[in-house]
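Peer 1: Give me a model of this one.
(2 chains)
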Amino acid sequence: MRRALFVTATCGLVIFACSLWGQGPPAGFRPAAAGRGNAPFDLTGYWIGQVTEDWRYRMTAAPKGDVGGIPVNAEGRRVAAAWDAAKDESSEDACKAYGAGGILRMPGRLHITWEADDTLKVESEAGSQTRLLSFGAPRGQGNDWQGISIASWDRPAAALTGFSIGRGGAPGSSLKVVTTKAKPGYLARNGVPYGANAAFTEYYDLLQVPGGDTLLTVTVEVVDPQYLSQPYWYSVHFKKQADSAGWNPRPCAKGGQ
Amino acid sequence: MRILQALPLVFSAALLVAQGPPGGPAGGRGGAPAAPAAIDFSGMWTGNMQEDNMERGAGPELVDYAGFPINEAGRLWALSYDPSRLTSQFHQCDGYVAPYSVRSIGNTRVWEERDPKLQKLIAIHWYSQTFEGHRVIWMDGRPHPPAYAPHTWMGFSTGTFVGNALRVETSHIKQGWLRRNGLPESDQATLVEFFVRHGDHITYTSVINDPVFLTEPSIKTTDFFRQPTDPGGWLFPCDDSEQVTGRAPDQVPNYLFGKHPFLEEHANKYKLPVLAALGGPETLYGDFEAKIKTATVAEARAKTLPAAGPSPTSRAADPDPKDGEIHVLALRDNVYLLVGDGGNVVVQTGEEGPFVVDTGAGKLTDKILAAIQRLSNKPIRMIANTSFHPAYTGGNEKLKNAGSDPSVVGTFLSLSAPGAGSTASIISHENVVPRMNGSFNTPATSPGSWPIDTYIGERHRNFHNGDSIELFHPPNAITDGDSLVHFRRADVLVAGDVFTTTQYPFIDVANGGTVQGEINALNMILSRTVYEHSGEGGTIVVPGRGYVCDEHEVVEYRDMVAIVRDRVKAMIAEGASLPQVKAARVTADYDTRYGANTGPWTTEMFVEAVYNTLKKK
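Peer 2: The predicted structure is shown next:
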């Protein structure tokens, strides 16, 4: 009888261990160094943005104080209403609309490459900006327009690990990027602000559409205790280009215009 | 005992196999990759309105099309749209098409439908509060319906899991909005969507392909949040009524080309060039930033008129299978559609024998007969012709001879029609007969194909197979002998040539057709229809050619004819000649849907018919 109990208990442990192994470690504990080696899809290449939503906020600077659907708090509204385009033009602030919080909504192309096995480089035509998305140690010190970006491959995980039965296939993944320590900038070209403590969480997904096109969608959550009353979510998309045709980086436009 | 002790080990080994490899890149450790996991979207969700906030909430402003890759037809259609059209009884409850519904304000609920025994996923239901849009996304691999099947606001959707996304393909969508300021999405649009979960957030991507109004797919992304509690708001009732009293039923609010009274309003309000507000594929891309600085009003105004040159032709899918076969589609109760031989054929079955409406072009009559015989073992009793046109009467003689009508045997009718009863009886408006027997300068057909039971006036009644069948005559529509046939209990209305989904109305001026009569005929259909909800469902309308409809398609078609009439009328009032009217391309916003430059009924013929019948007055 004792022997039977021992065997049963041992097997139970084996089952538990096996089920943990089967599900893999939680995303947060996955080794981050092998960014390129673990890539579930290929993000590299040239991508052209399509501006099909919030057009007048993205393609031009909307009138001062027009914050659209951005959930600014009273302070954010006050700062947006006080936006001084002329001041931006005459200072170093010409790139405030091209920082981590606004760059993906700017019209234009992206060029994505692996700078190293653990670092994706995202260059934008708009404002000639460069972002480094690191799967390993953070790159840079922050306090610049693009801040520090930590990347990971993110896949849906079970809420609880443990005993389970079944043969669900492997779910796909997103690229998740968390950016902090960016210099204060604009969420929209007309001076809708974000502060130094804003955090930007991005999810990059690849979608195959009829006709052979590949879409890159990026979903962004902005949390900013200084200027937002609640998280601000937006999503943008880019179409894959066959080559570098049309690639034309340009400097930040003064005053966001 | 040993077997029992070993069971857990076996079980754990089985688990290892069942659960597959640990997390990491897709593909695992070699071997065939497993099918992507089904992702659970069940629950209550609310759309995030932080992008396109005004459009999706309060509503868009007029002439704000920037960021839509519309072609000339799409732009001109939108510029012709007078929002007063919404006051029309037949537009007040118009629903939203699937991609617009997903982006609308309101609550959303998603649930799975699974086989109760095997727990296989059959469908995912996506319910939107706005217009109570209920989408069924079939996950069981079933095919999409044929091209002659009805269109709905939500369309027909099938889904698969791809990577971390639910990928959905949708066809059979009604004509609706790309944006509800008049920017149209045609009934030829198809949709591919991706739903990706990021925790309690969904990123939704829609890719609309519309060969009629777009130059390239229109792509948008939208966000949803999970609602932890039931928001309690799920319904969206609508009940239409007359909002503008005294307006004639043939008046459809519209702006003539180049005459939009609010063309510059939106652009001026936001200090945008009008050219940008008029949309087009170039407005999607970054290179347009430079154009914003140099665009002129003159450039914009040029885009508010049809370009000179030949008219484009229809880009719509052909709903006729054209495979040499007759295809049967059950409509409602005991009424069926037979497709494949030119004009649509409708058959009602029952104890008294089939009642057939129209007989096709005559090329596949044997197959039509075989199809009818599969639906009923009784001989055909009655045949109704909606028109004398050969596409609807080609099979008359064969089908008639294959049937019988015992109700007239030995009656006075046999005095005027020897042999009456030994065949099926053919009913039509009285003007059909002289068009078929050559009395009115049309080529005579075989006497055996002529109707023997005709009516004058506006209405003819039959009670057959337990249903009230009414024939209505709209005067001087396509011809002077058209009939609409209404099965009242089944609520199926057969429109003949008066309404098609494949071409401009074939107004046969030489045989009594007029544009005003056609508009009145379409309104006569609408006076008989009742929708089920949000302007769709309810009365089934079978067009003479094309896919099965309800009143919404008739309304859009009626609007089109009335708007073209208004344009031609305005030009006639200014003294324009027929060549000038043709050169003005008065159908420019409809040509990619209905236009033809060759064949029996071209765009030019239609414009000429409109012009000539208006000029006659």
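Peer 1: mind listing what residue B:210 touches?
Peer 2: B:74, B:178, B:185-186, B:188-190, B:218 (C-beta atoms under 8 Å, 6 or more residues apart in numbering or on different chains). In short, each C-beta sits where N, CA and C put it, glycine included.
Peer 1: Output those in a markdown table, with pLDDT, neighbour count and distance to residue B:150 appended to each entry.
Peer 2: Putting the contacts of residue B:210 into a markdown table (pLDDT from 0 to 100; neighbours: other C-beta atoms under 10 Å in any protein chain shown; distance: C-beta to C-beta, whole Å) gives the following:
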| residue | pLDDT | neighbour count | distance to residue B:150 |
| --- | --- | --- | --- |
| B:74 | 98 | 28 | 24 |
| B:178 | 97 | 27 | 22 |
| B:185 | 98 | 26 | 17 |
| B:186 | 98 | 25 | 16 |
| B:188 | 98 | 20 | 14 |
| B:189 | 98 | 28 | 15 |
| B:190 | 98 | 19 | 16 |
| B:218 | 97 | 28 | 24 |
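Peer 1: Nearest to chain A among those residues?
Peer 2: Distances from chain A to the contacts of residue B:210, taken as C-beta to the nearest C-beta, are shortest for residue B:218 (6.7 Å).
Peer 1: Alongside chain A, which residues does the stretch 101-250 of chain B contribute?
Peer 2: B:161-165, B:167, B:192, B:194, B:196-198, B:201, B:203, B:205, B:207, B:209, B:217-223 (C-beta under 8 Å from any C-beta of the partner chain).
Peer 1: Could you tell me which of these are located in strands?
Peer 2: B:161-162, B:165, B:167, B:192, B:194, B:196-197, B:201, B:203, B:205, B:207, B:209, B:218-223 (DSSP state E).
Peer 1: Selecting buried members of the residues of the stretch 101-250 of chain B next to chain A in PyMOL, what would you type?
Peer 2: To isolate the buried ones among those in PyMOL, judged by 16 or more other C-beta atoms under 10 Å in any protein chain shown, type:
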select buried, chain B and resi 161+163+164+165+167+192+194+196+197+198+201+203+205+207+209+217+218+219+220+221+222+223
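Peer 1: contacting residues around stretch B:364-375?
Peer 2: B:324-326, B:328, B:336, B:338, B:340-341, B:345, B:347, B:349, B:354, B:356, B:359-360, B:380, B:394-395, B:398-399, B:402.
Peer 1: Run a quick neighbour tally on residue B:179.
Peer 2: 23 (other C-beta atoms under 10 Å in any protein chain shown).
Peer 1: Could you pull up the residues touching it?
Peer 2: B:55, B:60, B:64-65, B:68, B:100.
Peer 1: ranges for the helices of the stretch 201-350 of chain B?
Peer 2: B:265-269, B:274-277, B:288-294, B:297-302 (DSSP state H, counting those that start in this stretch).
Peer 1: which residues touch residue 211?
Peer 2: Just going to use chain A. Neighbours of residue A:211 in contact, by C-beta under 8 Å, 6+ apart: residue B:217.
Peer 1: let's do chain B instead
Peer 2: B:186, B:188, B:315-316, B:592.
Peer 1: mind redoing it with 10 Å?
Peer 2: By C-beta atoms under 10 Å, 6 or more residues apart in numbering or on different chains, the contact set of residue B:211 is B:71, B:186, B:188-190, B:314-317, B:592-593.
Peer 1: got it, and residue B:597?
Peer 2: Residue B:597 sits in contact with B:310-314, B:591, B:603-604, where contact means C-beta under 10 Å, 6+ apart.
Peer 1: Next, format those as TSV and append neighbour count, pLDDT and distance to residue B:141.
Peer 2: What follows is the contacts of residue B:597, written out as TSV (neighbours: other C-beta atoms under 10 Å in any protein chain shown; pLDDT from 0 to 100; distance: C-beta to C-beta, whole Å):
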residue	neighbour count	pLDDT	distance to residue B:141
B:310	11	91	44
B:311	21	93	41
B:312	18	96	37
B:313	17	97	35
B:314	21	97	32
B:591	24	98	38
B:603	25	98	41
B:604	15	98	46
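Peer 1: Could you export those residues to CSV, including columns for distance to residue B:104?
Peer 2: Formatted as CSV, the contacts of residue B:597 follow (distance: C-beta to C-beta, whole Å):
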residue, distance to residue B:104
B:310, 39
B:311, 35
B:312, 31
B:313, 34
B:314, 30
B:591, 30
B:603, 35
B:604, 40
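Peer 1: And the closest residue to chain B within the stretch 101-250 of chain A, how far from residue A:207?
Peer 2: Closest contact between the stretch 101-250 of chain A and chain B, by C-beta to the nearest C-beta, is at residue A:172 (2.7 Å). According to C-beta to C-beta, to the nearest Å, residue A:172 and residue A:207 sit 10 Å apart.
Peer 1: now residue A:221
Peer 2: Counting by C-beta to C-beta, the gap from residue A:221 to residue A:207 is 19 Å.
Peer 1: The two: who's more crowded?
Peer 2: Using other C-beta under 10 Å, the more surrounded residue of residue A:221 and residue A:207 is residue A:207, with 24 against 18.
Peer 1: Now do the more buried one against residue A:50, distance only.
Peer 2: 13 Å.
Peer 1: could you pull out the helices for chain A?
Peer 2: A:2-23, A:55-58, A:74-81, A:85-90 (DSSP state H).
Peer 1: Dump the shortest one to CSV, restricted to CA.
Peer 2: This means helix A:55-58. The C-alpha trace of helix A:55-58 is given here as CSV (Å, rounded to 0.1, in the frame of the first residue of the first chain):
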residue,chain,number,x,y,z
TRP,A,55,-6.1,61.9,-40.6
ARG,A,56,-6.2,65.6,-39.8
TYR,A,57,-4.2,65.0,-36.5
ARG,A,58,-1.6,62.9,-38.2
